[in-house]
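A.B. asks: My questions concern the predicted model and sequence given below.
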2 protein chains.
Amino acid sequence: MAKNHTPESAALELESIFKLLKGRWKLLIIFHLFDGKIQRFSDLERQIPGISQKMLAQQLRELENDGIVSRKVYPEVPPKVDYRMTSWGQELCPALDALLTWNEKSEKQKGE
Amino acid sequence: MAKNHTPESAALELESIFKLLKGRWKLLIIFHLFDGKIQRFSDLERQIPGISQKMLAQQLRELENDGIVSRKVYPEVPPKVDYRMTSWGQELCPALDALLTWNEKSEKQKGE
DNA sequence: CGGTATCCTTTTTGATACTG
DNA sequence: CAGTATCAAAAAGGATACCG
């Protein structure tokens, strides 16, 4: 591992990162917002079959509080709200790619 | 995102990766085995305060079944068993590093 | 349209005791 | 030493109904 991490400190920091992404629907939401995509609450609801309003709202709230997603309210009637990645959130992309790359090595290596 | 992933396929694949690492104690176990470290069951038990035998056994079993950790039994009395990362498991390192790097950017960027 | 509030089920984790 | 088995607690997720 890079840096001056003990097993404990590295694990602790990674736990906190995983906590940001932990939740049945968060990755799906994130991938629907990656690359500058902007979506309204109802867009996400339509694009993510099976999600309830409660869970969508809850997971969006957490992503927002954690600085990964930003929420924009338009003072209109009827109400309009949309969501996009923060620039920090968008930078998750390469890190997630590294995980995908790792996973794809398993085909060649497993059982070795 | 690299590759030809839809939001759904990328999220699905990442979910399966996170599932491998999901568990209250797995990251701690992994970091105690990274870089070629070899540990007996009782070593891990001592080094991970608060873990119960049940949880240690359970999480080790899952890591083993998922090909991340390998288990070696020595035919001795009293029994001796030890654990180490598989080479695929060891390659998690750079991917986890990418996540740590991402996280450390948050100090500069959050609230932007 | 974009949410909350309530209640219930499922999944995960933990405490404790026991065993080859 | 290296585990299992059993039972209980806690956390996460889901169904449904209602609201500004």
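C.D. replies: Structure's in. What do you need? These numbers were taken from a predicted model, which means no experiment stands behind them. Numbering: from 1, shown residues only, chains lettered A, B, ... in the order given.

A.B. asks: Flag every residue of chain A that's near DNA strand C.
C.D. replies: Proximity of chain A to DNA strand C is confined to A:40-42, A:53-54, A:57-58, A:60-61, A:71, A:78-82 under the rule C-beta under 7 Å from any atom of the strand. In this view, the C-beta of every residue, glycine as well, is placed from N, C-alpha and C.

A.B. asks: Most neighbours among those, which one is it?
C.D. replies: Within the residues of chain A next to DNA strand C, residue A:60 tops the neighbour count with 21 neighbours, counted by other C-beta atoms under 10 Å in any protein chain shown.

A.B. asks: and that residue, backbone torsions?
C.D. replies: Per-residue torsions, residue A:60: phi -60, psi -40 (degrees, to the nearest 10).

A.B. asks: now swap in residue A:74 and tell me
C.D. replies: With angles defined as degrees, to the nearest 10, residue A:74 sits at phi -100, psi 130.

A.B. asks: Tell me, how many residues neighbour it?
C.D. replies: Using other C-beta under 10 Å, residue A:74 has 10 neighbouring residues.

A.B. asks: so where does residue A:99 fall, helix or strand?
C.D. replies: helix A:92-109 (DSSP states H and E).

A.B. asks: What is that helix packed up against?
C.D. replies: Contacts defined by 3 or more C-beta pairs under 8 Å, 6 or more residues apart in numbering or on different chains; DSSP states H and E place helix A:92-109 against helix B:7-21, helix B:87-90, helix B:92-109.

A.B. asks: can you list contacts of it?
C.D. replies: Applying C-beta atoms under 8 Å, 6 or more residues apart in numbering or on different chains, the contact partners of helix A:92-109 are A:30, A:34, A:68, B:1-3, B:10, B:13-14, B:16-17, B:67, B:86-88, B:91-92, B:94-95, B:97-99, B:101-102.

A.B. asks: and it with helix A:7-21, angle?
C.D. replies: Helix A:92-109 and helix A:7-21 are oriented at 110 degrees to each other (axes from the mean of the first three to the mean of the last three C-alpha atoms, to 10 degrees).

A.B. asks: Burial check on the nearest residue to residue A:28 once chain neighbours are set aside, number of neighbours?
C.D. replies: Leaving out its chain neighbours, the residue that sits closest to residue A:28 by C-beta to C-beta, 6 or more residues apart in numbering or on different chains is residue B:11, at 4.4 Å. As a burial measure, residue B:11 scores 21 neighbours (other C-beta under 10 Å).
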